[in-house]
Every structure is written in structure tokens, then in C-alpha cells.
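Novice: No sequence on hand, only this structure:
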């Protein structure tokens, strides 16, 4: 089945319909995200995005902010870049530290982390490309706790990824050099983003 690559205004439910379906949609999203989530190291979690996750995010923004039809264009512009376009994986990664003081200290050490993520399998390494909407590391070198990255693949890399058993997701940042394995079930879910 081919994945949709762009959310349009025609995909947006009327507010009352979404409100009525919201609880059921949220349950579906939780199950979907479980198949697209990878923890790397002690405090970073990747959430790989697709059409469905961004569709839900747009609807949540519209539901919470209640900006009406005028808000739809802005939300589409904000979230469509995070829908994979067929030869990439796209992820939001969160730096999750509960203690505010420790979080501030770590974020000051992690400037540029968005440029250091990678996916590796066999002899292939796919480097992250940060979403270009804005700088997510401040001039002072402080990283944002929410980062958006793209992993662009060649056709040959896509073919290898779909059957690889040794897929690693990690960072080569000097202050955060952690790696996690992507299990086969998550690999299979992510491979659908190339369909």
C-alpha cells in the first residue's frame, strides 16, 4: 500500500467530527507510536513520524487552539515537512530530563546534537539532516529539547534496510555517544514509509 506523502485540507475532519472521534483516534495513535519509538541512551527518545502521526498532530493543534479554517494552512505548512516523502525516514527526538536544573545543564552541553544522529546497518550509515524551519541550537550552544531530523536514503539503502538485522540508531555527539538497536518489528513498521 502506498503511503500518502502530504496532508491536504481535504484530509482535515470538521472540528465536531474530530472531537467525537478523538478518544478512539488517540488510542490508535498510541498503538502506532509504540511501533515507531526507539530510546537511545539515558534520555533521548526517537518518534518516527508518518502521515498518520502528523495528521493526528494537526488535528490536535486545531482542536486545542480552535483557530478554525484560517489555522489549517499554517498547521499544514508546519507539519507536512515531517511526513516522509518516500526515500527518507523522519523523526522527532526528545531530550527528556525531568529535573529542570539537570535538563538545563545537559541542553547546554548538547548543542548541535541534531546534526550528529545516524542510522547504521551493515556498511551503510545514514546521517541526520535537521529540519530547516529554524535553528534548534541557540547561539549560546544550547540544544532544544525537541528536535526534528530527516534520514535520506538511496534506493540501494532502502533495499538493504528492509532486510537488515543489525540496524543501529545513535549519536556521534561528543557529549552523547549512545547507540540503540532498532528491533525487526520497528524496522518493518518504518520500512512502510518507503512504500
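Specialist: The structure has been received and is ready for your questions. The structure presented is a predicted model; accordingly, all values stated were derived computationally and were not measured.

Novice: residues in contact with the residue nearest the centre of the chain?
Specialist: By C-alpha atoms, centre = their mean, the chain has its centre lying nearest to residue 91, at 2.1 Å. Neighbour list for residue 91: 46-49, 117, 148-149, 151 [criterion: C-beta atoms under 8 Å, 6 or more residues apart in numbering]. Heads up, the C-betas are built off the backbone N, CA and C, glycines and all.

Novice: do residue 106 as well
Specialist: Counting by C-beta under 8 Å, 6+ apart, residue 106 touches 43, 95, 97.

Novice: Any of these buried? List them.
Specialist: Among the contacts of residue 106, those classed as buried by 16 or more other C-beta atoms under 10 Å are 43, 95, 97.

Novice: Could I get the full set of helices for the chain?
Specialist: Remark: helices assigned in the chain by DSSP state H are 15-34, 51-65, 69-79, 100-109, 155-163, 184-191.

Novice: In the shortest one, which residues are buried?
Specialist: Right, helix 184-191. For helix 184-191, burial by neighbour count (16+ other C-beta under 10 Å) applies to 186-187, 189-190.

Novice: Mind checking the pLDDT average for that helix?
Specialist: Averaging pLDDT along helix 184-191 gives 96.

Novice: quick one: that helix to chain centroid distance?
Specialist: Distance of helix 184-191 from its chain centroid, counting by C-alpha atoms, centre = their mean, to the nearest Å, is 14 Å.

Novice: now the angle between helix 155-163 and it, please.
Specialist: Interaxial angle of helix 184-191 relative to helix 155-163 (axes from the mean of the first three to the mean of the last three C-alpha atoms, to 10 degrees): 150 degrees.

Novice: Can you list the helices and strands that the worst-scoring helix or strand of the chain on mean pLDDT packs against?
Specialist: When each helix and strand of the chain is scored by mean pLDDT, DSSP states H and E, helix 69-79 comes last, with a mean of 90. Here helix 69-79 touches helix 51-65, going by 3 or more C-beta pairs under 8 Å, 6 or more residues apart in numbering; DSSP states H and E.

Novice: ok, and what's touching the helix it packs on?
Specialist: Helix 51-65 is contacted from outside by 3-5, 7, 11-13, 15, 18-19, 22, 25-26, 29, 32-33, 36, 47, 71-72, 75-76, 79-80, 82-83, using C-beta under 8 Å, 6+ apart.
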